[in-house]
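1. coordinates only, sequence not included:
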């Protein structure tokens, strides 16, 4: 009889039978806990405070635990675990790493969900523990869910359990894109996240310097202005440490911000030039980046902007 395929439900159920999600009360931890629960994993959800049993997934074992120090509670939570997910900010994840690795059984899978990979992956590989390592970065707000969205993945130490989890996620996400290594991931995320968030935050800081009341602006705001404010509100609704980690910890972050500043400097120089064609040429060159995707993106922009209206003011 042929053996089951590596991504079959039978293999996944065996490979991920017992999983612990550390930081499971948070948005990303809760998202992954839900996927593992749906796949039939017996879950332990650990956080600084145990969430109520009514919090999804309802049948998980919940423990209050600080993984930044070794403890009997940590050893108990990870005893026999096939997989442990660290859904923590970077500093906490790095502090927890040696204690989690010491508690995990040989052959288990350790997963991180950090937005910046290089520091954590380097530390995990240097520890040389007998475990699989998988590094995930959902490229969307956790509240949106996996369906139709992309996940970046790095496999520093792959194996059957990491393959099983990637197969599980690929059923739900639009794509699970595996990149070569942590540095390749961070180069991509410098463009996808560092430059993007810096653009929105820079816009907000510029508005503060311009000293114009927001209510006055909103009364006459065109849709692109509202779109940038909506993105700012999305960032503001998240955890500041997450966005700070993206800017601070990415080894290519300074390059991304310098490129953004350089682009603004180019635009400023062109706008100040006596020849108006300099600014026109620069704007055309910027648009040329879109290539064959221009029309599709223009359609999406029209659909997005058509639905934006200023928020009601009291």
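-> Noted; the coordinates are in hand. Just so we're clear, the structure is a prediction, and the values are computed from it rather than from any experiment. Residues are numbered from 1 along each chain as shown.
2. switch to C-alpha atoms for all contacts and neighbour counts from now on
-> Noted.
3. Let me see the ranges of the strands in the stretch 101-250 of the chain.
-> With strands called from DSSP state E, counting those that start in this stretch, the stretch 101-250 of the chain shows them at 109-112, 132-138, 150-157, 175-179.
4. quick one: strands adjacent to the second one?
-> By that I understand strand 132-138. strand 109-112 (parallel), strand 150-157 (antiparallel) (DSSP bridges).
5. farthest residue from the center of this protein?
-> Going by CA atoms, centre = their mean, the residue of the chain most distant from its centre is residue 274, 44.1 Å out.
6. From residue 286, how far off is it?
-> According to CA to CA, to the nearest Å, residue 274 and residue 286 sit 20 Å apart.
7. about what we covered before: list just the one of the strands paired with strand 132-138 that sits closest to residue 164.
-> Closest to residue 164 of these is strand 109-112 (CA to CA; 10.4 Å).
8. what comes into contact with that closest one?
-> By CA atoms under 8 Å, 6 or more residues apart in numbering, the residues outside strand 109-112 that reach it are 82-88, 131-136, 161-162.
9. now do 6 Å
-> 83, 84, 85, 86, 131, 132, 133, 134, 135 (CA atoms under 6 Å, 6 or more residues apart in numbering).
10. pretty sure the fourth one is touching residue 19, no?
-> No - proximity of residue 86 to residue 19 does not meet the contact threshold set by CA atoms under 6 Å, at 11.2 Å.
11. would a markdown table of the strands paired with strand 132-138 with distance to residue 94, mean neighbour count and mean pLDDT be doable?
-> Output for these, formatted as a markdown table (distance: least, CA to CA, whole Å; neighbours: other CA atoms under 10 Å; pLDDT from 0 to 100):
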| stretch | distance to residue 94 | mean neighbour count | mean pLDDT |
| --- | --- | --- | --- |
| strand 109-112 | 10 | 25 | 98 |
| strand 150-157 | 16 | 20 | 96 |
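12. Relative to residue 201, which of these is closest?
-> Smallest distance to residue 201 across the strands paired with strand 132-138 (CA to CA): 23.6 Å, for strand 150-157.
13. okay, the angle between the closest one and strand 175-179?
-> 40 degrees (axes from the mean of the first three to the mean of the last three CA atoms, to 10 degrees).
14. biggest helix in this structure by residues?
-> Across the chain, the longest stretch assigned as helix under DSSP state H is helix 253-272.
15. and for that helix, what are the contacting residues?
-> Contacts of helix 253-272 (CA under 6 Å, 6+ apart): 190, 195, 247, 278, 279.
16. Determine the next helix or strand in the C-terminal direction from that helix.
-> Using DSSP states H and E, the helix or strand that follows helix 253-272 in sequence is helix 277-288.
17. any idea how far residue 287 is from the closest residue to residue 118 other than its chain neighbours?
-> Nearest residue to residue 118, sequence neighbours excluded (CA to CA, 6 or more residues apart in numbering): residue 182, at 5.0 Å. According to CA to CA, residue 182 and residue 287 sit 30 Å apart.
18. Pick out whichever of the two has more residues nearby.
-> With neighbours defined as other CA atoms under 10 Å, residue 182 and residue 287 compare such that residue 182 has more, 21 against 11.
19. ok, the more buried one touching residue 119?
-> No - between residue 182 and residue 119 there is no contact under CA under 6 Å: 8.6 Å.
20. What is the neighbour count of residue 62?
-> By other CA under 10 Å, 23 other residues sit near residue 62.
21. ok, residue 22 - contacts?
-> 46, 47, 85, 86, 87.
22. I meant to write residue 310 there.
-> Counted by CA under 6 Å, 6+ apart, residue 310 has contacts residue 218.
23. Confirm it sits in a strand?
-> No - per DSSP: H, G, I helix; E, B strand; the rest coil, residue 310 lies outside any strand segment and is coil.
24. for stretch 180-199, what is the average pLDDT?
-> Average pLDDT, stretch 180-199: 97.
25. so what are the domain limits for this structure?
-> Following automatic domain parsing, the chain resolves into domains at 9-179, 185-306.
26. Pick the most deeply packed of those domains.
-> domain 9-179 (a mean of 19; mean count of other CA atoms under 10 Å).
27. Distance from the chain centre to that domain, please.
-> Computed by CA atoms, centre = their mean, to the nearest Å, the chain-centroid distance of domain 9-179 equals 14 Å.
28. Quick one: end-to-end length of stretch 69-81, please.
-> 19 Å.
29. again with stretch 68-81
-> 18 Å.
30. quick one: residue 223 from residue 89, how far?
-> From residue 223 to residue 89 the distance is 34 Å (CA to CA).
31. thinking again about what came up before, and the contacts of helix 253-272 as JSON lines, adding distance to residue 68?
-> Below are the contacts of helix 253-272 laid out as JSON lines (distance: CA to CA, whole Å):
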{"residue": "190", "distance to residue 68": "28"}
{"residue": "195", "distance to residue 68": "31"}
{"residue": "247", "distance to residue 68": "23"}
{"residue": "278", "distance to residue 68": "55"}
{"residue": "279", "distance to residue 68": "53"}
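32. Brilliant, that's me finished.
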